[in-house]
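Visitor: next comes the sequence, and after it the predicted model I'd like to discuss.
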Amino acid sequence: MMGLGLLLAISAGGDTLLVSPSWLAERLHDPAIVILHVSSAQHYDAGHIPGARWVDPMLFHAHEGAGLPPAKSMAGALEDVGVSNTSRIVITGQPLYPAILFVALDYLGVGSRASVLDGGYAAWTAAGFETSRDAPTPVKGILEVRPRDDVVVNAAWIAERLGREDVLLLDARTEEEYRGTADERLPRKGHIPGARLLNWRDVTDQSTGRFKSPAALAVLFTEHGAGQGDTVVTYCTVGMRASELYLTARLLGYPARIYAGSMADWSPRSELPVATGAHP
């Protein structure tokens, strides 16, 4: 599942998938680092880390069960903000959006050169580091991507594996959505049979926005049925909240997948089962 070395690296805010504000502050002027601020334009304009480039999260997510946008369009959007083959990418911004971008980067084959700033821009300002309202004009990058077939799964992939003990489905939504009692615009309400409920907000400290300790996250995943070597597959309604659990699974060292189409894709397929109530 997760080795001690990785756990200690995350705890220290080291050069991993998750980095601390102090880690980034020490490297703020490193020309190889490209800071991407994923948020609304208004959030970016109100203040950001010096040198950070604004990224529209909707360029990296397709709604209504469509999965991810085409790889070519996502790669082009990254090149437009100066991401190149040699870039070390640090993602910040509003809650949830950094995880959405990380999923896209992982799918494009550049996730190994990307990190998420723990706590996002709020953690940066809370630490008292410098901020800016100046928007840099990046030089267009050249980025070669190699889309991976082991990141995003579809309904058929999941249907073939329902009931397998080595595949854990995690539903990132609310309890009401999971039970099927929420007022959602879905043909059929409820959850994928066998899925465990793990609200996406439960992996972070809601007072700071930062991820819970590696030990606490490991316990949380174990309590929700994750065993050593299991493949963790996350989903929600349209794949946005599922991104946070995908990132968490990657942090813990699990083989992770995301059903980007999620319930917006699963629910209309009448041949696929849907469960309701509190039980998987």
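Guide: Looks like it arrived, so ask away.
Visitor: surely residue 238 touches residue 266?
Guide: No - here residue 238 lies out of contact with residue 266, judged by C-beta atoms under 8 Å, at a distance of 11.2 Å. C-beta here means a position set from N, CA and C on the backbone, and glycine is covered the same way.
Visitor: more crowded one of those two?
Guide: Ranked by neighbour count (other C-beta atoms under 10 Å), residue 238 and residue 266 place residue 266 first, with 25 against 20.
Visitor: hmm, residue 154 is touching residue 259, no?
Guide: Yes - if you go by C-beta under 8 Å, residue 154 and residue 259 touch, sitting 7.3 Å apart.
Visitor: out of these two, which sits in the busier spot?
Guide: residue 259 (27 against 13).
Visitor: apart from its neighbours in sequence, what residue is nearest the more buried one?
Guide: residue 235 (3.9 Å; C-beta to C-beta, 6 or more residues apart in numbering).
Visitor: now do the domain split for the chain, please.
Guide: Following automatic domain parsing, one finds the domains of the chain at 4-126, 155-266.
Visitor: can you tell me which of these the model trusts least?
Guide: When the domains of the chain are ranked by mean pLDDT, domain 4-126 comes last with a mean of 89.
Visitor: return the distance of that one from the chain's centre.
Guide: Relative to its chain's centre, domain 4-126 lies at 10 Å (C-alpha atoms, centre = their mean, to the nearest Å).
Visitor: kindly report the same for stretch 116-128.
Guide: Distance, centroid of stretch 116-128 to centroid of chain: 17 Å (C-alpha atoms, centre = their mean).
Visitor: where's the closest residue to residue 189 other than its chain neighbours relative to residue 25, distance?
Guide: Leaving aside its chain neighbours, residue 189 sits nearest to residue 180 (3.9 Å; criterion: C-beta to C-beta, 6+ apart). To residue 25, residue 180 is 46 Å away according to C-beta to C-beta, to the nearest Å.
Visitor: and residue 174, by the same measure?
Guide: Counting by C-beta to C-beta, the gap from residue 174 to residue 25 is 36 Å.
Visitor: and those two? which has more neighbours close in?
Guide: residue 174 (17 against 14).
Visitor: need the contact list for that one.
Guide: Taking C-beta atoms under 8 Å, 6 or more residues apart in numbering, we find residue 174 in contact with 182, 199.
Visitor: quick one, phi/psi of it?
Guide: The phi and psi values for residue 174, taken as degrees, to the nearest 10, are phi -80, psi 170.
Visitor: equivalent analysis for the one 5 residues further on, please.
Guide: Dihedral angles phi and psi of residue 179 (degrees, to the nearest 10) take the values phi -70, psi -20.
Visitor: likewise for residue 123?
Guide: Per degrees, to the nearest 10, the backbone of residue 123 is at phi -70, psi -30.
Visitor: surely it and residue 207 touch.
Guide: No - Residue 123 is not in contact with residue 207 according to C-beta under 8 Å; the separation is 11.4 Å.
Visitor: CA atoms of stretch 259-271 as CSV?
Guide: Output of stretch 259-271 as CSV, limited to C-alpha atoms (Å, rounded to 0.1, in the frame of the first residue of the first chain):
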residue,chain,number,x,y,z
TYR,A,259,-14.3,7.0,-13.7
ALA,A,260,-14.5,10.5,-15.2
GLY,A,261,-18.0,9.9,-16.6
SER,A,262,-19.3,9.0,-13.2
MET,A,263,-23.0,8.7,-12.4
ALA,A,264,-23.9,11.1,-15.2
ASP,A,265,-22.6,8.4,-17.6
TRP,A,266,-23.6,5.3,-15.5
SER,A,267,-27.2,6.3,-14.5
PRO,A,268,-28.7,6.6,-18.1
ARG,A,269,-27.5,3.1,-19.0
SER,A,270,-30.5,1.0,-18.1
GLU,A,271,-28.5,-2.2,-18.5
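Visitor: what about it, distance to the chain center?
Guide: 19 Å.
Visitor: report the buried residues of that stretch.
Guide: Within stretch 259-271, the residues scored as buried using 16 or more other C-beta atoms under 10 Å are 259-267, 269.
Visitor: next one: stretch 204-213
Guide: 204, 209-211.
Visitor: on that earlier part again, could I get the domains of the chain as CSV with distance to residue 135?
Guide: CSV is the format used below for the domains of the chain (distance: least, C-beta to C-beta, whole Å):
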stretch, distance to residue 135
domain 4-126, 7
domain 155-266, 24
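Visitor: kind regards, and thank you for your time.
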